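**Student:** pasting the sequence and the predicted model now:
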Amino acid sequence: MKVLVTGGAGSFGQAFVSAVLPTAERVVVYSRDEGKHARFAEILQAPPEKIRFFLGDVRDRERLEEAMWRCDTVVHAAALKRIDAVSYDPLETIRTNVLGTVNVIDAAIRAGVGRVVVLSSDKCCDPANLYGVTKLAAEFYAVQANAHALPRGTRIACVRWGNVLGSRGSVVHVWRRQVAAGLPLTVTDPECTRFWITFPQAVAFVLESLAQMRGGEVFVPQLPSLRLGDLAECVAPGHPVKIVGLRPGGEKRHETLVTAEEMHRAVGFVGFGFDGRFIIEPTHMRWGRESWRKEPGALILLPPPHVAFRSDEGAVRIEPAMMRQWLRDLPEEAL
């Protein structure tokens, strides 16, 4: 595999690059932060013929196309995601999250890349803030771009998940700093529920999706969820907590991974270390590939109307002992 990772110096990008570097033929780390490039390169100590750190912005299609030369795979992880920053700079968010995705896909088609996976988020389901809206728009473009990409030899799919435990800006790292400073844990609402996935699980799911993708799918792991109050107790048992309320800008009490409308287009499969996964078929599939509904082992979902896969309804609860194990295995906050 010769793979380019946008946002390759970010928290997921670092985890993915570190995992695939031993077996990949070549890895291109594409991001606009030269400081992170230098620190990540120092950690990896990989030979230059194995890895290339490519300074660039997803808003620059020509630079992307240059960086993708001789790559066969692209993982698009670059995005602006902090709700406060996204709300303050909406135009920059649209340029990066929406137009940046358009640039990545168009550059991949022009460069003859065979597979593109676009990382998405549960925030795109019934979005309540601009970040969710931009991820939804990026998904729409990625799926429908297959109509002109597949005839040119490029397959495009999306991977959608919830919160990656320990990613940059994660509440876990915030709480750990608060504990070290002797401060109470700031919890928005202890009854809030969130879907959780670890870095190793996220990397494994992307690699599995790359191996299976046909073009136009949205791959969704059937993730477990946990209350924020329970997570705080796992991070710092018995530590004082300060309730601060939901953040302005569109924070939800509960999240959705598959909407009620999507459930009727989704196919279920057992496996991937949880209860299974969903593969959401496109609304309009005009590029002539086989439906996943014909795949052996496919579970045709027939949910009642208005039933979605939500963090407070339908999701398996993470046992505290399991979460504490995940937290013990959690690396330090990414560079």
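**Tutor:** It's in.

**Student:** from here on, contacts and neighbour counts on C-alpha atoms
**Tutor:** Noted.

**Student:** tell me which helix or strand residue 177 sits in.
**Tutor:** helix 171-180 (DSSP states H and E).

**Student:** which residues does that helix contact?
**Tutor:** Here helix 171-180 makes contact (Cα atoms under 8 Å, 6 or more residues apart in numbering) with 165-166, 184-186, 232, 235-236, 239, 333.

**Student:** filter these down to the buried ones, ChimeraX style.
**Tutor:** The ChimeraX command for the buried members of these (criterion: 16 or more other Cα atoms under 10 Å) is given here:
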select :165,166,185,186,232,235,236
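
**Student:** among the contacts of helix 171-180, name the ones in strands.
**Tutor:** Mapping the contacts of helix 171-180 onto strands (DSSP state E) picks out 185-186.

**Student:** narrow the contacts of helix 171-180 to those in helices?
**Tutor:** Cross-referencing the contacts of helix 171-180 against helices under DSSP state H gives 232, 235.

**Student:** separation between residue 32 and residue 235?
**Tutor:** Separation of residue 32 from residue 235 (Cα to Cα, to the nearest Å): 33 Å.

**Student:** could you do residue 78 as well?
**Tutor:** In terms of Cα to Cα, residue 78 sits 28 Å off from residue 235.

**Student:** also residue 212?
**Tutor:** To residue 235, residue 212 is 36 Å away according to Cα to Cα.

**Student:** what of residue 138?
**Tutor:** Counting by Cα to Cα, the gap from residue 138 to residue 235 is 34 Å.

**Student:** any idea which element residue 133 lies in?
**Tutor:** Taking DSSP H and E as the definition, residue 133 sits inside helix 130-144.

**Student:** then that helix to CSV, C-alphas only?
**Tutor:** What follows is helix 130-144, C-alpha atoms only, in CSV (Å, rounded to 0.1, in the frame of the first residue of the first chain):
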residue,chain,number,x,y,z
LEU,A,130,-21.8,23.8,11.9
TYR,A,131,-19.2,21.1,12.4
GLY,A,132,-22.0,18.5,11.9
VAL,A,133,-23.4,20.3,8.9
THR,A,134,-20.0,20.3,7.2
LYS,A,135,-19.3,16.6,7.9
LEU,A,136,-22.8,15.8,6.4
ALA,A,137,-22.0,17.9,3.3
ALA,A,138,-18.6,16.1,3.0
GLU,A,139,-20.3,12.7,3.2
PHE,A,140,-22.8,13.6,0.5
TYR,A,141,-20.1,14.7,-1.9
ALA,A,142,-17.9,11.7,-1.1
VAL,A,143,-20.7,9.3,-1.8
GLN,A,144,-22.1,10.8,-4.9
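
**Student:** contacts for it, please.
**Tutor:** 80-83, 86-87, 90, 93-94, 97-98, 101-102, 105, 118, 120-127, 156-158, 215-218, 282.

**Student:** quick one: average confidence on the helix holding residue 177?
**Tutor:** For helix 171-180, mean pLDDT is 95.
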